[in-house]
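Asker: Sequence below, structure please.
(chains A, B and C)
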Amino acid sequence: MTVQTINRAGTLLLVVFTLTAPWVLPLFVDSFWVDIYSEILIWSLLAASVNLLFGYVGLLSFGQALYFGMGMYGVAIGIAKLGFGFWGGFGFGVVLATAMAAVAGVLAVRLTWHYFAIITVVFSLIFYFLALSWKPLTGGDDGLPFGMPPLISIGDFELTLTDPDVQYFFIVLMVGACYALMGRIISSPLGRAFVTVRENDLRASLIGLNVYMIRLSAFIVSGFIAGVAGALFALFGRYASANFMFYHVSGEAVVWAIIGGVGTLFGPIVGTSLLIVLREELSHVWAHYPILVGIVVILTVIFAPKGIGGIWTSLVHRFAGANAGKGGDQ
Amino acid sequence: MTVPLLEIDDVTKQFGGLRAVDNTNFTLETGKLHAIIGPNGAGKTTLFNLITGTLPTTSGRIRFLGDDITDEPVHKISQRGLARTLQIKSVFGGLTVRENLWIAARSRYGVFAPFMSWRRCRKSNERADAVCEELGLMPHADQLAANLSYGDVALLEIGLALATQPKLLLLDEPICGMGPAETEKTVAKIQDLSKRIDIVIIEHDIEVVFNIADEITVMANGGVLAKGTPDEIANDPDVRTAYLGDDDDA
Amino acid sequence: MELTIALALNGIVWGLIIALIALGLSIIFGLLDIINIAHGDFFMVGTVLAWFVAETTGNYWLAFLIVPIIGFALGALIEYTVIQPIKNAAALSIVATFGLAIILQESVRATFGATPERMLPPIHDTIPMFGIEYEVYRLFAAAASIAAIGLFFLFLHRSKLGTWMRAVRFDPETATAMGIPARRIYLMTFAIGFAMASLGGVVAAPITTVYFEAGVDILPFCFMAVIIGGLGNLGGTVAAAVLLAFFEGVITSFTDPTFARIGSLCLMSLVLMIRPHGIFAGATR
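Answerer: Numbering: from 1, shown residues only, chains lettered A, B, ... in the order given. Reported below is the predicted structural model:
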């Protein structure tokens, strides 16, 4: 068995599980876990947007909630205020988030290291406060609810997200498309350039790479992904709220990404699953379980900075090495 | 008259009160292996930084093959075919040797191609393999660059520059820190390369410089002290007292 | 007009308290190269400890003595157990301090509770000033902050430890080579940072609400003071804190306070953007 086969098997397992979850999960646990799994998938996209920037380009953003929030508000405002349909609202949210990322990115990626983290938080705080105070448009703290328009409506035939199965598979489809897109980009020349910039930005510019444009494109893609997550979450919860733009949401996404393992495509799903399942299970037992989360975060940073993904990779490599007698085929 | 390879025209670099490069002028022609020598702090590496754009010049112009590149960003200068190695070796440690060379080769065809597979870029793959072969790095092709021996890192450093298909290669102390065997191998490689690429080399090993250089520029205190063939430099009284003399005593 | 004067005065008082807290943030950022997301929570822990001291002893003034000592000890403990081990993963320090913030907030919620508490200032009197009656305790709070800031600068420039701290800040490698115990300096710096933030908490507790999320509100303001004042420029931090709070106070008297906050944040972005890149030497480690 080579590293590649093991990883492919893992991916296949994840895909099969995701596609059969509405039927398989209720066999073992309460059926609300299907909803929780859709929520996990959505949030994992936000963590994936952190991962794309930090794991592949080396920029730690603490402000991804801004693009998530833009996606949310785009959908809610589009449907509730502008009278858009389902796809119009969804598209509006994603476009708004991506445009926001493009504008913010032009300024933010001029900075690196801690300063990049600070400026991304600052940008997200500015729009958080704007969303809080611009009540007529955003509903402020209370949020902006909207009625769900149909997904498809041909004659009598209508599909809406009020049908749980439609909702689940719509989310799976969109999240899957995002991961496919990220996987594609990561294994493209641009993805190679991302990693090159992460490793050594001066050297990257000396071999003729436009480091600024590479960082900016990563920032925009990552904003797009966070925007899709936000748009999906708005559709999932039927509302948008400023609370999701606060920096604690960004911070949580960073935590999920780090614990799942940055620099791996599916690390964010693992991290997000683990922490959300932990939350669901522990919050009944011990109200102060976040203390445990905090400890896990610190221990991960100290002892396993590459997260679960990193541990997985080294285990797989060791296993494959023991089997095949030589290293991976990469 | 042919266009000069590199023109350094009244270039100055000021750091606070210190003039690291002071109104320096010289012109290099194609087809020769140039060496820049001079004591520490003479401004050699700073000059390389100015040429490649990693530092902004305070005043003066730099022209490469007739084009003014003084205020161009680093990556544009590289795209013109001007490559350099760094004195403090720095390669992409988390990538394998082949991946290192691949991205350098790919830089010539543009990396903003988000939807194709990098493993299918035939020209870049071939180029990377060719450089790998040429520098004798094939046995280590799939090793992480961070795990290479010092000498191999130095070779990969040159490889990164070569993979970008440069017209001019600036080497900053390429053999510094190498053992005798590695030095010999690398020097032979540089001589070989100089037959098809213009090379400017900064080197402290005077013996090596006088062996391989066609033309030597001596820098001291941020300016050019002398310029000429190795013979001329060896017999230049100014150089002897200011530089070579010191070196003999050391 | 009276409201404006009151809010402007409140702004200055708050600015001085923020300055005290932000100085701690600035030295931690400057010396340890760590973005301390938990710094606001150090302040919050200070307010809560002050509340506990007042509740158990019935004497608020004791908190001024006890709380900074506890803060110092907690800071030293955290530096030793959390900050030192992550020195090798500097890029992730921000994540670790975020984890620390979660732990501190949740611990306070578990012990102190989730309901915000208000406490009475130990001085109830008011004094006529600029045509309004102003609370004496707030004046005392300003004076206490100024005194603490003054002591800190005195410590930094007159004591051996302070000189060492400045040396390590300037050039850690040379300082270590000269025999300055850098590790101990890092520990002291973090502990002093925590102590200052918790002292800020004691000063502020009677004029704010004591609750477990108080640090979340104050953290952005501290960062604004540090960045706008100029990183490593401690005097600038103090000036920026006071001026920002003053202007936010004045603006708040006319319009929605969040607009004042948005204005400050925009100013902070501007400072971050136009700061020449040279200051970020070593920014790409």
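
Asker: chain center to stretch C:29-48, what's the gap?
Answerer: 7 Å (Cα atoms, centre = their mean, to the nearest Å).

Asker: just stretch A:62-69 next, same as before
Answerer: Relative to where its chain is centred, stretch A:62-69 has its mean C-alpha point 10 Å off (Cα atoms, centre = their mean).

Asker: ok, now stretch B:96-114?
Answerer: Relative to its parent chain, stretch B:96-114 has a centroid offset of 20 Å by Cα atoms, centre = their mean.

Asker: From one end of it to the other, what's the distance?
Answerer: 21 Å (Cα to Cα, to the nearest Å).

Asker: List the buried residues for that stretch?
Answerer: Across stretch B:96-114, burial judged by 16 or more other Cβ atoms under 10 Å in any protein chain shown covers B:96-108, B:111, B:113-114. Glycine gets a C-beta too; all of them are placed from N, C-alpha and C.

Asker: Tell me which two of the residues you listed sit farthest apart.
Answerer: Spatial extent of the buried residues of stretch B:96-114 (Cβ to Cβ) is set by the pair B:97 and B:114 at 25.0 Å.

Asker: rewinding a little: now, the buried residues of stretch B:96-114 that are in helices?
Answerer: Per DSSP state H, helices hold the following members of the buried residues of stretch B:96-114: B:97-106.

Asker: Run through the strands of the stretch 101-250 of chain C in chain order.
Answerer: Assigned strands in the stretch 101-250 of chain C, in chain order: C:117-118, C:126-129, C:132-135, C:209-210 (criterion: DSSP state E, counting those that start in this stretch).

Asker: most neighbours per residue, which of those?
Answerer: strand C:209-210 (a mean of 20; mean count of other Cβ atoms under 10 Å in any protein chain shown).

Asker: Now whatever residue of the stretch 151-300 of chain A ends up closest to chain C: which helix or strand?
Answerer: Closest to chain C within the stretch 151-300 of chain A is residue A:297: 3.2 Å, counting by Cβ to the nearest Cβ. In the assignment (DSSP states H and E), residue A:297 maps to helix A:290-303.

Asker: Out of the ones in helices among the buried residues of stretch B:96-114, which are close to chain A?
Answerer: Residues of these in contact with chain A (Cβ under 8 Å from any Cβ of the partner chain): B:99, B:102-104, B:106.

Asker: Spatially nearest residue to the residue nearest the centre of chain B (excluding sequence neighbours)?
Answerer: Centroid-nearest residue in chain B, with Cα atoms, centre = their mean: residue B:170, separated by 1.8 Å. Distances taken as Cβ to Cβ, 6 or more residues apart in numbering or on different chains put residue B:84 closest to residue B:170, at 3.8 Å, once the chain neighbours are dropped.

Asker: Which residues are in contact with that neighbour?
Answerer: A:206, B:48, B:51-52, B:161, B:169-172 (Cβ atoms under 8 Å, 6 or more residues apart in numbering or on different chains).

Asker: May I have the phi/psi pair for it?
Answerer: phi -140, psi 160 (degrees, to the nearest 10).

Asker: Now do stretch A:59-67: distance from first to last residue.
Answerer: 16 Å.

Asker: Is chain B within reach of that stretch?
Answerer: No - contact of stretch A:59-67 with chain B (Cβ under 8 Å from any Cβ) is absent, the minimum separation being 15.7 Å.

Asker: returning to what we had before: turn the strands of the stretch 101-250 of chain C into TSV, columns for mean pLDDT.
Answerer: Output for the strands of the stretch 101-250 of chain C, formatted as TSV (pLDDT from 0 to 100):
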stretch	mean pLDDT
strand C:117-118	84
strand C:126-129	80
strand C:132-135	82
strand C:209-210	86
